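Novice: The following block contains a protein sequence and its predicted model.
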Amino acid sequence: MPFVPAHRVATFGATIFSHMSKLALELKAVNLGQGFPDFDGPEVIKEAAQAAMHAGQNQYAVGIGQPALRQAVAAHAQRFYQQTFNPETEITITSGATEALFAAIQGLVNPGDEVILIEPCYDAYAPDVQMAGGVPRPITLRPTPLAETIEWRWDEAELRAAFNNRTRLIILNTPHNPTGKVFSRAELALIAELCQQWNVIAITDEVYEHLTFDQTPHVRLATLPGMAERTLTLSSLGKTFSFTGWKIGWSLGPPDLTNAVRGAHQWMTFSTATPLQAAGVAALNLEDEFFTSFAREFQQKRDFMLGVLRAAGLQVSVPRGTYFIMADFSPLNFQGDDIAFAEWLIRQVGVAVIPPSVFYSAANKPLARHWARFAFCKKQETLEQAAERLRRL
């Protein structure tokens, strides 16, 4: 008799990202699915990692993170957001923001606690909550046509109704994957009001913090009045510096919330790669010009792909942040849902995308029926190759 997985993971299955990347490799498709660049970040960062290796920094790091990297994360928060953090008690280095999220949820959520998720949302959020015994409470962003784009908005009444005496956390991703929405100060103020009214903790996933376009500001929820003491801010090296495979992330928050993260982190990965933490110091210390040129270059990639997708007959949502475009393929009169379209596109057109129904709760998956998520974090020649194939549409 075969053994079966524990009930907490038995229903999860493999992620769509693994499936689509594997299929793209097998069929030699242009991979605009999983969000990783097909190029490396700055050489100076790689050189810092190599130097650390050659200098013998290859054994276990300090469990909560190397002091130099925690100090660099604190300096980054002061430099860009005028926030002050104590590296000893308020910053923890983790194996990517994904581990920071899991550790935070494991450290803060008790069985039966409700956790508000703003969907569509990164597909790890709900499983993380469920493995802690929590109950996901989805609030849905709905596409609203505006001029030449589509804006993703929640219903304020629905958001207010989600908060109650059982609510422990709200998880906010801004800039937002997969829609590219950057939450405004007014939207954040509403979340702040409700968190304080109901004594709720906020976890903010801000891995795309330096990827905003059209002069759209990224505002940290933790900087709003009354939120510093109840917010854990998560980010990482991967998206900003194009080293997604290094898995160097961090959490920032007051000591009580940080202790919850560390309480779980110490029994998970304990520590993360020592020489890559040294490289993280070099990355965070780059001049301002790196961050501005980085966003400018990705905006050019975004604009190129917007033109390609519009020419292919798709209706696009113009992202204000991240490196994803959500496109509505209903004008093509394709007979099938988003998963069928993604399979067809990779097999018949040779371009891999992500079907965004994976970012919704079961009841709301039909909302993604006519949508596809395209990643534009690729070399220009890769995007041009995808453009040539998409012309077949």
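Specialist: Nice, thanks for sending it over.
Novice: Tell me the confidence at L23?
Specialist: Reported pLDDT at L23 in the predicted model: 84.
Novice: Just confirm it contacts A342, I think it does.
Specialist: No. Counting by C-beta atoms under 8 Å, L23 does not reach A342; the two are 9.1 Å apart. The way it works is simple: take the backbone N, C-alpha and C, and place the C-beta from them, glycine included.
Novice: A75 - how many residues pack around it?
Specialist: Using other C-beta atoms under 10 Å, A75 has 15 other residues around it.
Novice: Over to the one 3 residues further on?
Specialist: By other C-beta under 10 Å, 12 other residues sit near Q78.
Novice: how much space is there between it and L284?
Specialist: 11 Å (C-beta to C-beta, to the nearest Å).
Novice: how about the strands of the chain, start to end?
Specialist: Counting by DSSP state E, the chain has strands at residues 30-31, 91-94, 114-119, 135-140, 142-146, 149-153, 167-173, 201-205, 231-236, 249-252, 315-317, 324-328, 351-352, 371-375.
Novice: nearest to A51, of the ones you listed?
Specialist: Taking C-beta to C-beta, strand 91-94 is the member of those nearest to A51, at 18.8 Å.
Novice: Identify the residues contacting the closest one?
Specialist: Under the contact criterion C-beta atoms under 8 Å, 6 or more residues apart in numbering, strand 91-94 has outside partners 61, 64-66, 69-70, 73-74, 85, 100, 103, 248-252, 258, 261-262, 265, 269, 271-272, 277, 280.
Novice: Quick check: can you name the pairing partners of that strand and their directions?
Specialist: Strand 91-94 has its sheet partners listed here by DSSP bridges as strand 249-252 (antiparallel).
Novice: now the strand it pairs with: mean pLDDT?
Specialist: When pLDDT is averaged along strand 249-252, the result is 98.
Novice: Could you give me the buried positions within stretch 48-67?
Specialist: Buried residues in stretch 48-67, counted by 16 or more other C-beta atoms under 10 Å: A48, A49, A52, Q57, A61, I64, G65, Q66.
Novice: so the fifth one touches Q277, yeah?
Specialist: In this case it means A61. Yes. Taking contacts as C-beta under 8 Å, A61 lies within contact range of Q277: 5.8 Å.
Novice: buried ones in stretch 279-296?
Specialist: Neighbour-count burial for stretch 279-296, counted by 16+ other C-beta under 10 Å, picks out A279, G280, V281, A282, A283, L284, L286, F290, F291, F294, A295.
Novice: One more: stretch 347-355?
Specialist: For stretch 347-355, the neighbour count (16+ other C-beta under 10 Å) marks V349, G350, V351, A352, V353, I354, P355 as buried.
Novice: can you give me the helices in the stretch 1-150 of the chain?
Specialist: Secondary structure of the stretch 1-150 of the chain (DSSP state H, counting those that start in this stretch): helices at 7-10, 16-27, 43-54, 67-81, 96-108, 125-131.
Novice: out of the ones you listed, which comes closest to I203?
Specialist: Nearest of the helices of the stretch 1-150 of the chain to I203, taken as C-beta to C-beta: helix 96-108 at 5.4 Å.
Novice: what about that closest one, average pLDDT?
Specialist: Rounded to a whole number, the mean pLDDT of helix 96-108 is 98.
Novice: And for that helix, what's in contact with it?
Specialist: Residues contacting helix 96-108 (C-beta under 8 Å, 6+ apart): 92, 94, 115, 124-125, 128-129, 131-132, 134, 168-169, 171, 201, 203, 205, 207, 232, 234-236, 238, 247-251, 257, 259-265, 268-269, 272.
Novice: Pull out the buried members of the residues you listed.
Specialist: Among those, the ones that count as buried by 16+ other C-beta under 10 Å are 92, 94, 115, 125, 128-129, 131-132, 134, 168-169, 171, 201, 203, 205, 207, 232, 234-236, 238, 247-251, 257, 260-262, 264-265, 269, 272.
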